[in-house]
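**Student:** Sequence plus the predicted model coming up.
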Amino acid sequence: MSVSALSPTRLPGSLSGLLQAAALLGLLLLLFKAAQLYLHRQWLLKALQQFPCPPFHWLLGHSREFQNGHELQVILKWVEKFPSACPRWLWGSRAHLLIYDPDYMKVILGRSDPKAQGSYRMLAPWIGYGLLLLNGQTWFQHRRMLTPAFHYDILKPYVGLMADSVRVMLDKWEQLVSQDASLEVFQHVSLMTLDTIMKCAFSHQGSVQLDRNSHSYIQAVGDLNNLFFSRVRNVFHQSDFLYRLSPEGRLSHRACQLAHEHTDRVIKQRKAQLQQEGELEKVSRKRRLDFLDVLLFAKMENGSSLSDQDLRAEVDTFMFEGHDTTASGISWIFYALAMHPEHQHRCREEIQGLLGDGASITWEHLDQMPYTTMCIKEAMRLYPPVPGVGRELSSPITFPDGRSLPKGVIVTLSIYALHHNPKVWPNPEVFDPSRFAPGSARHSHAFLPFSGGSRNCIGKQFAMNELKVAVALTLLRFELLPDPKRVPDQKPRLVLKSSSGIHLRLRKLR
């Protein structure tokens with residue numbers, strides 16, 4: 001190369017040319033992306049044309065309707081106006097079909113469509129690709145592997161561990177409660193359900209309710225819940241690269257680290273415990289295995305079958321689902337009973353007749369409290385722990401009313417809207433436990449607190465047992481009263497929460 005080619009007089013021109021080329025390339029990429037978004041929007045408009053919805057802005061979608069924060073109330077208005085389903089536009093090229101009809105639910109849940117990866121993938125940095133996010137054959141293999149951990153022979157002795165955790169919480173309440181003040185119960189219930197899942201599924205010794213490290217995990221889960229909900233609805237946060245650069249992305253990363261530190265510690269402690277006690281062989285010969293033992297044994301038997309990454313993903317998934325959804329269910333049940341003292345009183349009489357002072361509660365007792373179970377189910381109808389789940393259609397679908405959707409459309413099964421649909425549940429806002437009286441008739445897919453189909457909640461029996469134990473022992477110790485100054489504000493996150501907490505007044509029973 002000649003010296004003249006590198007001379008200072010030639011460099012500015014070369015640099016200018018490179019900048020012009022880069023600008024042109026950037027413009028072309030921008031135009032390509034704009035064209036891609038426009039074509040996808042046109043495809044969505046055509047795909048959803050059979051389903052009317054409220055007017056929406058060409059760029060902002062329906063976002064302005066939800067600016068006041070009362071998302072659930074807006075959706076319930078749509079339920080009354082638009083039969084069975086209604087499109088919701090998040091922005092110009094992003095929409096999903098809200099479904100709240102039991103016949104529609106039955107069709108979708110009877111298929112094997114994957115989770116909607118556009119939004120669910122945003123959970124992967126937190127819970128990894130475990131049972132919640134996996135699809136296809138890998139999901140089936142993991143589900144089959146974990147099913148033995150929820151056999152009733154395994155669940156039976158858990159009732160005593162659940163009762164121990166509930167009593168620790170109630171003892172704390174006796175020290176905290178005063179005549180006039182109210183207590184925010186969700187945080188306490190969250191620690192109790194985390195304590196339960198740690199003892200039952202992860203063989204933890206002691207009580208995490210008394211461990212400050214557990215409080216940081218609970219806080220991290222709460223932050224990740226809110227951050228996920230916010231990110232899904234923010235057009236600028238769809239890119240992983242841009243999200244990592246944002247303040248929310250950095251907060252999410254820190255919260256993930258805290259959550260992972262907790263689960264890594266659980267795995268490490270259980271491995272050490274098994275090795276120290278020389279139980280590896282004994283565990284491998286057990287016919288029924290605890291949740292974490294199932295995972296560890298699958299890895300130990302065949303190291304390639306379950307990687308460290310897969311192991312942590314399943315632990316992260318069940319640690320979250322096993323405590324946060326159950327905490328939501330119990331807290332809202334307490335609130336519903338506080339708001340309806342006549343039903344609370346009847347539940348208490350039933351439980352007192354069955355358990356006396358509650359010194360002992362067993363597996364056999366759980367099927368002998370029919371009215372309390374009716375109230376639990378009616379509370380979960382009004383306040384479903386998981387407000388909705390998403391699917392991405394892997395093939396075209398036609399619903400019973402003749403309307404259809406092509407492959408690729410995202411559908412959101414709004415369990416909250418289904419449970420409040422007046423065409424399915426007359427007077428849906430009324431707390432009426434008789435809806436669940438033995439022998440009462442209803443559509444097979446009208447009540448879905450644990451979803452349905454092949455991907456229903458693997459831990460639903462575990463959760464129902466814990467709900468019954470918590471309600472029974474609490475009603476034997478306390479009368480639950482609402483705090484009229486602090487009414488919960490329902491917010492749909494991964495689980496149903498209240499932005500202002502769930503405050504109750506507790507009156508100690510003699």
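**Tutor:** Thanks, I have the structure now.
**Student:** Let me know the secondary structure of the closest residue to residue 497 other than its chain neighbours.
**Tutor:** In space, not counting the residues next to it along the chain, residue 497 is nearest to residue 491; the distance is 5.3 Å by CB to CB, 6 or more residues apart in numbering. For the C-beta atoms, the positions are set from N, CA and C on the backbone; glycine is no exception. For residue 491, the reduced secondary structure class is strand; criterion used: DSSP: H, G, I helix; E, B strand; the rest coil.
**Student:** Report how many residues lie close to residue 491.
**Tutor:** The number of residues packed around residue 491, counting by other CB atoms under 10 Å, is 19.
**Student:** likewise the one 4 residues further on?
**Tutor:** Residues contacting residue 495 under the criterion other CB under 10 Å number 22.
**Student:** who's in contact with it?
**Tutor:** Residues in contact with residue 495 (CB atoms under 8 Å, 6 or more residues apart in numbering) are 225, 324, 325, 327, 328, 385, 386, 387.
**Student:** For residue 25, give me the pLDDT.
**Tutor:** We have a pLDDT of 84 for residue 25.
**Student:** do residue 491 as well
**Tutor:** Looking at residue 491, its pLDDT stands at 92.
**Student:** what residues are up against the residue nearest to residue 497?
**Tutor:** Residues in contact with residue 491, defined by CB under 8 Å, 6+ apart, are 69, 71, 497, 498, 499.
**Student:** now residue 38
**Tutor:** Contacts for residue 38 (CB under 8 Å, 6+ apart) come out as residue 93.
**Student:** Is it within a helix or a strand, and which one?
**Tutor:** Using DSSP states H and E, residue 38 maps to helix 11-47.
**Student:** Now do the buried residues in the following helix or strand past that helix.
**Tutor:** Following the chain from helix 11-47 toward its C-terminal end, the next helix or strand by DSSP H and E is helix 71-81. Going by neighbour count (16 or more other CB atoms under 10 Å), the buried part of helix 71-81 is 71, 72, 74, 75, 76, 78, 79.
**Student:** okay, who's weakest in these by pLDDT?
**Tutor:** The lowest pLDDT within those belongs to residue 71, which sits at 90.
**Student:** Pretty sure that residue sits against residue 489.
**Tutor:** No. With contact taken as CB atoms under 8 Å, residue 71 and residue 489 are classed as non-touching, separated by 10.9 Å.
**Student:** Just flag the most distant two among the buried residues of helix 71-81.
**Tutor:** The largest separation in the buried residues of helix 71-81, counting by CB to CB, is between 71 and 79 at 12.8 Å.
**Student:** Spatially nearest residue to residue 78 (excluding sequence neighbours)?
**Tutor:** In space, and not counting its chain neighbours, residue 78 is closest to residue 86: 4.8 Å by CB to CB, 6+ apart.
**Student:** now that neighbour, what's its secondary structure?
**Tutor:** In three-state terms, and counting by three-state DSSP, residue 86 is strand.
**Student:** contacting residues around it?
**Tutor:** By CB under 8 Å, 6+ apart, the residues touching residue 86 are 51, 52, 53, 78, 79, 97, 98.
**Student:** Now list the buried members of those residues.
**Tutor:** The neighbour count (16+ other CB under 10 Å) marks 51, 53, 78, 79, 97, 98 as buried among the contacts of residue 86.
**Student:** Show me which of the buried residues of helix 71-81 is closest to residue 197.
**Tutor:** Closest approach between the buried residues of helix 71-81 and residue 197, by CB to CB: residue 72, at 27.4 Å.
**Student:** Which residue ranges of the stretch 401-510 of the chain form strands?
**Tutor:** Using DSSP state E, counting those that start in this stretch, the strands assigned to the stretch 401-510 of the chain run over residues 404-405, 410-414, 478-482, 490-492, 496-498, 503-508.
**Student:** Skip ahead from the helix or strand bottoming out on mean pLDDT in the chain and say which helix or strand is next.
**Tutor:** One helix or strand of the chain scores below all others by mean pLDDT, DSSP states H and E: helix 280-285, with a mean of 55. Using DSSP H and E, the next helix or strand after helix 280-285 towards the C-terminus is helix 291-301.
**Student:** Okay, buried residues for that following helix please.
**Tutor:** 291, 292, 293, 294, 295, 296, 297, 298, 299, 300.
**Student:** Any regions of this protein where pLDDT drops low?
**Tutor:** Counting by pLDDT under 70, the chain shows low-confidence ranges at 1-13, 179-180, 277-289, 299-305.
**Student:** which ones are touching residue 319?
**Tutor:** Taking CB under 8 Å, 6+ apart as the criterion, residue 319 is in contact with 194, 197, 202, 259, 262, 263, 266.
**Student:** so how far is residue 224 from it?
**Tutor:** Here the distance between residue 319 and residue 224 works out to 12 Å (CB to CB, to the nearest Å).
**Student:** Now for these two: what residues contact both?
**Tutor:** Shared contacts of residue 319 and residue 224, defined by CB under 8 Å, 6+ apart, comprise residue 259.
**Student:** what's the closest of the contacts of residue 491 to residue 185?
**Tutor:** residue 498 (10.4 Å).
**Student:** Quick one: neighbours of the residue nearest to the closest one when sequence neighbours are not counted, just the number.
**Tutor:** Nearest in space to residue 498, with sequence neighbours left out and distances taken as CB to CB, 6+ apart, is residue 488 at 3.7 Å. In terms of burial, residue 488 registers 21 neighbours under the definition other CB under 10 Å.
**Student:** Name all residues that make contact with residue 488.
**Tutor:** For residue 488, the contact set (CB under 8 Å, 6+ apart) comprises 335, 498, 500, 501, 502, 503.
**Student:** One more: residue 142?
**Tutor:** Counting by CB under 8 Å, 6+ apart, residue 142 has contacts 130, 131, 134, 310, 314.
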